[in-house]
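[1] Sharing a sequence plus its predicted fold:
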Amino acid sequence: MKAKICDFEMNYEISGNETGDWLVLIHGLAGSIRCWKYQLEDFNSHFRVLSLDMVGHGESTGSSAERYSGQIAANHIRMLMDKLGIEKAHMLALSLGAIIQQYFCEMFPERIISVVYVSPATKNSFLIKIINGFFDKVFLKVFSKNAYLKIMGNLMLPGKIQEKSRKIFIRETMRMDDEEFFKWWKMAMSDNCYDHLTPSCLPALIVAGEKDICFYNDAVLLSKKYKNSDFRVIKDCGHVIIFQKREEFNALVIEYIKSFEGCKESREEAETSDEKYRQDKIA
């Protein structure tokens, strides 16, 4: 299905248990609805699932915007939820999608029941800064997109344990329109949302792969930003947990989200606490 959001068509799918809480799935860079193929069957048994393609990804069209940001992408999701009449939802974000989700929590906390972060991109590490400089100064002048992606894939998803994830990342990124890829990549490399977003009392499950060399520390940092967080490490797993340890991951997420059934009071307390944080920041 498609919905008109600003100047582009956003592709989305609704599936699952019509009586369950809403669960919104936010993919990472070069991802799409397809990346949740190992989760949907399990999630659909318990939740009403909204999966979507971010602007320029999957079956969603691109935008005429010169640049993208976490705030812009978060607002796109809010607009889609408005169109579909979704007042509140659990949200689950993978990798780069975590940047979008962090902004959504800051901008629209009243729309959140709980959040799940999987291998979250949060704060630009030294390696990411090197990659960013390499992109601007070398890639555009020397390498083809395909060659660059192979280099970056091996840097961010190294080793045999992540071989399948690396191949999927390169394949899916090659499907993206070049202009859309560049806009998203520059956003991913330049955004440092961790430093300027306020702490949150929203309930959060933060999941990291033990062998995720690029983003494990991001997950640790994010767990400190969320005062009411549960931090879990998946053993013998790299960055793309949803493929590598899907059964363990699915069970963990379902157990966590199901724990909020009937917990209206705790949701209201979290919203009140987040509002106090924002007012204190303004003051």
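    Perfect, thanks for sending it.

[2] Skipping adjacent residues, who's closest to the most centrally placed residue in the chain in space?
    Centroid check for the chain by C-alpha atoms, centre = their mean gives residue 97 as the closest residue, at 2.0 Å. Of all residues not flanking residue 97 in the chain, residue 26 sits nearest, at 3.7 Å (C-beta to C-beta, 6 or more residues apart in numbering). To be clear about C-beta, it is placed using only N, CA and C from the backbone, and glycine gets the same treatment.

[3] Need the pLDDT of that neighbour.
    You'll see residue 26 listed with a pLDDT of 99.

[4] Tell me how many other residues crowd it.
    Applying other C-beta atoms under 10 Å, we find 28 residues neighbouring residue 26.

[5] thought residue 68 was touching residue 57?
    No. At 10.9 Å, residue 68 and residue 57 do not qualify as touching, with contact defined as C-beta atoms under 8 Å.

[6] which of those two has more neighbours?
    Just comparing residue 68 and residue 57: by other C-beta under 10 Å the higher neighbour count belongs to residue 57, 27 against 22.

[7] thinking again about what came up before, and the residue nearest to residue 97, its phi and psi?
    Dihedral angles of residue 26 (phi, psi; degrees, to the nearest 10) stand at phi -120, psi 110.

[8] ok, now residue 248?
    phi -60, psi -40.

[9] for it, what are its contacts?
    Counting by C-beta atoms under 8 Å, 6 or more residues apart in numbering, residue 248 touches residue 234.

[10] Next, find the distance separating it from residue 42.
    11 Å (C-beta to C-beta, to the nearest Å).

[11] what do residue 68 and residue 57 both touch?
    Applying C-beta under 8 Å, 6+ apart, one finds that residue 68 and residue 57 are jointly contacted by residue 184.

[12] Now stretch 242-259: buried residues?
    Buried residues in stretch 242-259, counted by 16 or more other C-beta atoms under 10 Å: 242, 243, 244, 245, 249, 250, 252, 253, 254, 256, 257.

[13] among the residues you listed, which are in helices?
    Among those, DSSP state H puts 242, 243, 244, 249, 250, 252, 253, 254, 256, 257 in helices.

[14] Excluding chain neighbours, give the residue nearest to the second one in space.
    Spelled out, it's residue 243. Leaving out its chain neighbours, the residue that sits closest to residue 243 by C-beta to C-beta, 6+ apart is residue 165, at 5.8 Å.

[15] Touching, the one you found and residue 157? I think so.
    Yes. Using C-beta under 8 Å, residue 165 is in contact with residue 157, at 5.3 Å.

[16] Compare those two (neighbour count), which wins?
    residue 157 (23 against 20).

[17] Which strand or helix spans the residue nearest to residue 180 when sequence neighbours are not counted?
    Counting by C-beta to C-beta, 6+ apart, residue 180 lies nearest to residue 56, which is 3.2 Å off, once chain neighbours are set aside. In this assignment (DSSP states H and E), residue 56 forms part of neither any helix nor any strand.

[18] low-scoring stretches of the stretch 1-150 of the chain, by residue?
    Within the stretch 1-150 of the chain, the ranges that satisfy pLDDT under 70 run 124-143.

[19] And the strands in it?
    2-5, 8-16, 22-26, 48-52, 89-94, 112-118 (DSSP state E, counting those that start in this stretch).

[20] okay, these in JSON lines with distance to residue 75 next?
    Shown next, in JSON lines, are the strands of the stretch 1-150 of the chain (distance: least, C-beta to C-beta, whole Å):
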{"stretch": "strand 2-5", "distance to residue 75": "9"}
{"stretch": "strand 8-16", "distance to residue 75": "12"}
{"stretch": "strand 22-26", "distance to residue 75": "13"}
{"stretch": "strand 48-52", "distance to residue 75": "13"}
{"stretch": "strand 89-94", "distance to residue 75": "14"}
{"stretch": "strand 112-118", "distance to residue 75": "15"}
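
[21] Okay then, goodbye and thanks.
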